[in-house]
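Colleague: this is a predicted model, with the sequence first.
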Amino acid sequence: MSKHPAWRDTIIAVVVLIIVLVIPLLHRSPAFEDFIIRLSAMALFATSLNLLVGNTGMVSFGHGMFYGFGAYAFALTMQMTELSLPVAAVIAVVATAFAALCVGAICVRLSTEYFAFITLAVQMLFYSIIISWQSLTGGDQGLRGGIPRREFFGFELESQLHLYQFCAIVGVLGLLALRHISVSPFGQTLRMIRDNEDRASFLGIVLWRARLSAFTIAGAFAGLGGVLAALFVSGAYPEFADWPNSGQAIFAVMLGGIHSFLGPVVGGMILLALNDLVTRYTEYHGLILGIVILIFAVGLRRGVLDFIKLIRLGRAR
Amino acid sequence: MNLEIRNLTKAFGGVRAIDDVSLTFPSRSLSAVIGPNGAGKSTFFNLISGAFRADAGQVLLDDEDVGGLSKAERMHRGIGRAFQVASCFPTMTVAENLMASVTAHIGQWGNVSRRFPPPGVRERADEMMELVGLTQVAGVEAAILSHGDQKLLDIAIALALEPKVLLLDEPTAGMGPEERWRMIERVRSLWERQSLTLVFIEHDMDIVFQVANTIRVLCYGRVLAEGTPDEIRNNQAVIDAYLGTEAHAE
Ligand SMILES: Nc1ncnc2c1ncn2[C@@H]1O[C@H](COP(=O)(O)OP(=O)(O)OP(=O)(O)O)[C@@H](O)[C@H]1O
Ligand SMILES: [Mg+2]
């Protein structure tokens, strides 16, 4: 899709990363640092969902289960083994990818409506397993006891600054990887399926295989988001894998725009900022959020970045 | 490539849309398939291309039966097709449509290790656009193309797969008289330049009689007649069943 040279994305990523890493050296603000840490998790979560929703046209209501899966897999690996933190993170992501592969194997052949429905159902199943398997997961209390933050490569994640740096790096690299996938021939294949699956299959594309790959990749990156979330809260909670959390990712995607790669990141920013502001001033958090989303849905009829794109295209013509 | 159909049959519920049809399309021929609405023409193409599975009969490509193969495998053997309702990728530009199709054709659709398009693909897509005359609108989104250009794009997508046999389902559907002739001239020159075995479905009898080398007439799923334009024009059965009602066709 993109007409820009290949190195452009990398340059943008590097520049953004440098800026983000430099800010706390100039001025420390715990609130801002928390925001970036949570955003890095949310950005991976929402952008990976958009690989399904925007790129492929598969609306999953159960994406939170992989976010939760990644968080629990990581936290449990850290608690139960002596493995180093990056190794535990990789294990968690691979395990989440495998879980997504299994769930996807059931779901991706279904029609659009049933796909959405079944992802929701599987997520509820997963959630109730977390709740009831108390000895392992801590049930509805969440996984307690903290995550041992063993030092690696000089990163000491007990320190807020190091955690901030780590999350920013992982978040940006993760987004860059997703971007790479999105502008690859495979990413284009997903768009073909979204546009016209019948024609796509005539061209030799094996629909279920492409969809299952997309679902697995998306699950893996949601799992990576879950790893960052687990680090932030130093544990894992069943809410990560519950449907309101999946709803948050869908909101982020819709608010930011499904046809722009960075749309879900922008949406995630708006959502997090709203959450913070609104909870500070009122308890009617859901109400305000609902109104904002309605304004977007009815007023712009698309996400922020898609709206900006449309205006720019209109100007160009 | 020689395309031979033997005893092809397909029923939908009780309706025999294609009923024991046997026809041969010799290598490099340019044939028209005509017949009243609902005669089974599109179904015939769907059976050859593998979109539908036949109840009985064979589809032979140079004497090899491809009837058991999937539509993608048949496409790889050289059967390309365009659709009665233009079928392309609406949110992509014309160039992207063709690059994506070529990428799929060369088996690169699952590749995540490089950027789209893979090397060589852009050039192939440019060739296709040149061939059908879409170069002017290369950067235009397919969804906002004119109807005629969408039909051309559909044909170009089929050509991207390097077919030996090309099935065009009503390439001039929904066009005004002038545009029709322009379209059919393009189709004819494609046939000449690409040495294709080309079969097209068409309702406009002027076009059919002027362009096709041989004509097959389908009616209620059966072959009513086949022959040269002159033979068909004077065939009483065809006149009774179809040409007499030509005004109502389409
Ligand atoms: N997928 C399908 N399911 C059920 N019946 C079908 C299907 N496709 C075609 N038919 C039926 O088969 C018969 C032949 O249809 P077909 O589309 O092949 O006709 P056609 O000759 O292409 O007509 P037209 O000139 O209108 O395009 C019709 O009676 C139609 O209703
Ligand atoms: Mg038809």
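Modeller: Nice, thanks for sending it over. Ligands and ions are numbered 1, 2, ... in the order given.
Colleague: in contact with B:D63, which residues?
Modeller: B:N2, B:E4 (Cβ atoms under 8 Å, 6 or more residues apart in numbering or on different chains). (Glycine included, C-beta is placed from N, CA and C.)
Colleague: give me the pLDDT for it.
Modeller: Each residue has a pLDDT score; the one for B:D63 is 87.
Colleague: in a helix, A:G187, correct?
Modeller: Yes. Looking at A:G187 with DSSP: H, G, I helix; E, B strand; the rest coil, it is inside a helix.
Colleague: per-residue confidence at it?
Modeller: For A:G187, the predicted pLDDT is 96.
Colleague: gap between it and ligand 2?
Modeller: Here the criterion is Cβ to the ion, to the nearest Å. By it, A:G187 lies 34 Å from ligand 2.
Colleague: which residue is the nearest non-sequential neighbour of that residue?
Modeller: A:I181 (5.6 Å; Cβ to Cβ, 6 or more residues apart in numbering or on different chains).
Colleague: just to be sure, that neighbour is in a helix?
Modeller: Yes. Judged by three-state DSSP, A:I181 forms part of a helix.
Colleague: and the strands in chain B, which stretches?
Modeller: Assigned by DSSP state E, the strands in chain B fall at B:3-12, B:15-25, B:30-34, B:56-61, B:64-65, B:79-82, B:165-169, B:197-201, B:214-219, B:222-227.
Colleague: need those strands in CSV (columns: mean neighbour count and distance to A:R209).
Modeller: Formatted as CSV, the strands of chain B follow (neighbours: other Cβ atoms under 10 Å in any protein chain shown; distance: least, Cβ to Cβ, whole Å):
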stretch, mean neighbour count, distance to A:R209
strand B:3-12, 18, 28
strand B:15-25, 18, 31
strand B:30-34, 24, 34
strand B:56-61, 18, 26
strand B:64-65, 12, 27
strand B:79-82, 26, 22
strand B:165-169, 25, 26
strand B:197-201, 25, 31
strand B:214-219, 23, 37
strand B:222-227, 18, 39
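Colleague: distance to chain A added to these, as a markdown table?
Modeller: Below are these laid out as a markdown table (distance: least, Cβ to the nearest Cβ, whole Å):
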| stretch | distance to chain A |
| --- | --- |
| strand B:3-12 | 18 |
| strand B:15-25 | 19 |
| strand B:30-34 | 20 |
| strand B:56-61 | 16 |
| strand B:64-65 | 19 |
| strand B:79-82 | 8 |
| strand B:165-169 | 12 |
| strand B:197-201 | 17 |
| strand B:214-219 | 23 |
| strand B:222-227 | 26 |
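Colleague: just send those strands back as TSV, with distance to A:I118 too.
Modeller: Shown next, in TSV, are these (distance: least, Cβ to Cβ, whole Å):
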stretch	distance to A:I118
strand B:3-12	30
strand B:15-25	34
strand B:30-34	43
strand B:56-61	37
strand B:64-65	39
strand B:79-82	34
strand B:165-169	36
strand B:197-201	40
strand B:214-219	43
strand B:222-227	45
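Colleague: for B:A237, find the nearest of the ones you listed.
Modeller: strand B:222-227 (5.8 Å; Cβ to Cβ).
Colleague: hmm, the closest one touching ligand 1?
Modeller: No. Applying Cβ under 6 Å from any ligand atom, one finds strand B:222-227 out of contact with ligand 1, separated by at least 11.9 Å.
Colleague: ok, the residue nearest to A:G187 to ligand 2 distance?
Modeller: With Cβ to the ion as the criterion, A:I181 and ligand 2 are 39 Å apart.
Colleague: please apply the same query to A:F61.
Modeller: On the measure of Cβ to the ion, A:F61 and ligand 2 end up 38 Å apart.
Colleague: test my guess that that residue contacts A:L120.
Modeller: Yes. Counting by Cβ atoms under 8 Å, A:L120 is a contact partner of A:F61 at 4.1 Å.
Colleague: shared neighbours of these two, anything?
Modeller: By Cβ under 8 Å, 6+ apart, the residues touching both A:F61 and A:L120 are A:W243, A:S246.
Colleague: what about these two, which has more around it?
Modeller: Set A:F61 next to A:L120 and count neighbours by other Cβ atoms under 10 Å in any protein chain shown: A:F61 wins out with 21 against 17.
Colleague: for B:I48, grab the count of nearby residues.
Modeller: Residues contacting B:I48 under the criterion other Cβ under 10 Å number 26.
Colleague: could you verify my assumption that B:I34 touches B:Y242?
Modeller: Yes. With contact defined as Cβ under 8 Å, B:I34 reaches B:Y242; the gap is 6.9 Å.
Colleague: between the two, what contacts are shared?
Modeller: B:V217.
Colleague: which part of chain B gets nearest to ligand 2, residue-wise?
Modeller: B:S42 (3.1 Å; Cβ to the ion).
Colleague: okay, that residue: pLDDT?
Modeller: B:S42 is given a pLDDT of 94.
Colleague: can you check B:A249 too?
Modeller: 45.
Colleague: got it, and A:R317?
Modeller: For A:R317, pLDDT reads 50.
Colleague: next one: A:A168
Modeller: The per-residue pLDDT reported for A:A168 equals 95.
Colleague: show me what contacts the closest residue in space to A:P86 that isn't next to it in sequence?
Modeller: Residue nearest to A:P86 in three dimensions, not counting chain neighbours: A:F152, with 5.9 Å by Cβ to Cβ, 6+ apart. Residues near A:F152 by Cβ under 8 Å, 6+ apart: A:S84, A:L85, A:P86.
Colleague: now rank those by neighbours and give me the top one.
Modeller: Tallying neighbours with other Cβ under 10 Å puts A:L85 at the head of the contacts of A:F152, with 22 neighbours.
Colleague: separation between the closest residue to that one other than its chain neighbours and A:H162?
Modeller: Excluding its sequence neighbours, the residue lying closest to A:L85 (Cβ to Cβ, 6+ apart) is A:F152, at 5.2 Å. Distance, A:F152 to A:H162, by Cβ to Cβ, to the nearest Å: 10 Å.
Colleague: wait, doesn't A:S234 sit right on A:I147?
Modeller: Yes. Between A:S234 and A:I147 a contact is recorded at 5.1 Å, counting by Cβ under 8 Å.
Colleague: neighbour count winner among those two?
Modeller: When A:S234 and A:I147 are compared for neighbours, A:I147 comes out ahead with 23 against 18, by other Cβ under 10 Å.
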